[in-house]
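Colleague: Predicted structure and sequence below. I'll ask about it afterward.
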Amino acid sequence: VILTDRAIDSDDTSLYKTFLGSDFVEEGRKAGDWMVANANGPTNVVELQGTTGAAPAIDRKKGFEEKIASKPDIKIVASQTGDFTRSGGKQVMEAFLKSQPKIDVVYAHNDDMGLGAIEAIKAAGKVPGKDIKIITVDAVKDGMTALANGEINYIVECNPLLGKQLMELAKKVVKGEDVPARVVTEEGAFNQEQAKAALPNRQY
């Protein structure tokens with residue numbers, strides 16, 4: 001048995017040979033690192049969480065909080081689930097804009113919610129990427145386009161193209177070769193210029 005994309009909730013590692021997938025906590029840490037490096041003074045962050053109870057949502061929150069803990073002037077002033085959807089992100093962001101007097105940064109657990117937040121920010125007469133900075137996770141084509149256009153400021157990649165790595169592992173397991181118990185998907189992160197360079201060859 002080879003696990004891919006999601007782990008199982010068991011300490012018994014004899015149940016499977018290896019697990020290939022993203023490190024969602026590390027994705028949150030990368031977002032937090034960017035936030036810490038780019039915060040100028042007191043910073044109010046609103047967080048658009050993924051689906052409640054989902055591993056990516058729990059872990060991306062954890063990794064982000066871990067990194068911003070070193071900067072007491074960066075505060076998450078509101079955090080709510082947008083269910084990983086564009087419409088959910090827009091709806092929650094509209095509520096945040098009404099309830100929060102000052103929002104400096106949106107941290108969205110995926111691109112879709114970030115794109116929904118952009119719609120809400122524009123409707124409120126503010127400029128996404130300038131008046132309110134936006135950090136997202138995924139790096140899908142629509143998100144990367146918004147990043148290239150300056151409406152998103154930073155995207156952490158969550159690579160869904162697991163097939164190649166998965167089949168290499170499967171071949172090794174069939175041959176009886178040793179494989180690591182945990183293989184992390186190859187992933188990066190993007191600023192505006194990097195997004196412009198990557199977009200023409202984006203596969204998802």
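Modeller: It's in. Residues are numbered from 1 along each chain as shown.

Colleague: So what pairs up with the spatially most central residue of the chain in the strands?
Modeller: Geometric centre of the chain, nearest residue: V137, 2.1 Å, by Cα atoms, centre = their mean. Bridge pairing for V137 (DSSP bridges) gives the partners V156.

Colleague: That one against M113, yeah?
Modeller: No - V137 is beyond contact range of M113, at 9.5 Å (criterion: Cβ atoms under 8 Å). Just so you know, the C-beta spots here come from the backbone N, C-alpha and C atoms, and that holds for glycine as well.

Colleague: sorry, back to before: residues touching the residue nearest to the centre of the chain, list them.
Modeller: Counting by Cβ atoms under 8 Å, 6 or more residues apart in numbering, V137 touches 27-28, 31, 56, 60, 108-111, 155-158.

Colleague: among those residues, who's most crowded?
Modeller: Among these, the one with the most neighbours (other Cβ atoms under 10 Å) is H109, at 34 neighbours.

Colleague: Give me the distance between that one and G53.
Modeller: Distance, H109 to G53, by Cβ to Cβ, to the nearest Å: 13 Å.

Colleague: quick one on the thing from earlier: looking at the residue nearest to the centre of the chain now. What's its pLDDT?
Modeller: pLDDT recorded at V137 is 98.

Colleague: That one and V179: what is the separation?
Modeller: From V137 across to V179, the span is 27 Å (Cβ to Cβ).

Colleague: now N110
Modeller: Taking Cβ to Cβ, one finds N110 at 29 Å from V179.

Colleague: what does G116 give?
Modeller: G116 is 39 Å from V179, by Cβ to Cβ.

Colleague: Looking at the two, which one has more neighbours?
Modeller: Neighbour totals were compared for G116 and V179, and G116 leads with 23 against 16 (other Cβ under 10 Å).

Colleague: give the contact list for that one.
Modeller: G116 neighbours (Cβ under 8 Å, 6+ apart): L48, G82, T85, R86, S87, G88, G89, K90, Q91, M93.

Colleague: now, among those, which is nearest to I2?
Modeller: T85 (30.0 Å; Cβ to Cβ).

Colleague: Can you name the residues that contact the closest one?
Modeller: D112, M113, G116.

Colleague: my read is the last one is in a helix, agree?
Modeller: Yes - using DSSP: H, G, I helix; E, B strand; the rest coil, the assignment for G116 is a helix.

Colleague: which stretch of helix or strand covers the closest residue to it other than its chain neighbours?
Modeller: Spatially, and ignoring its direct neighbours in sequence, G116 is nearest to G89 (2.9 Å; Cβ to Cβ, 6 or more residues apart in numbering). Secondary structure from DSSP states H and E places G89 in helix 86-99.

Colleague: Report all helices and strands that the next helix or strand after that helix contacts.
Modeller: Next in sequence after helix 86-99, counting helices and strands by DSSP H and E, comes strand 105-108. With contacts taken as 3 or more Cβ pairs under 8 Å, 6 or more residues apart in numbering; DSSP states H and E, strand 105-108 sits against helix 24-38, strand 43-49, helix 111-123, strand 133-138.

Colleague: Looking at these, which is nearest to V1?
Modeller: So among these, helix 24-38 is nearest, using Cβ to Cβ, at 21.3 Å.
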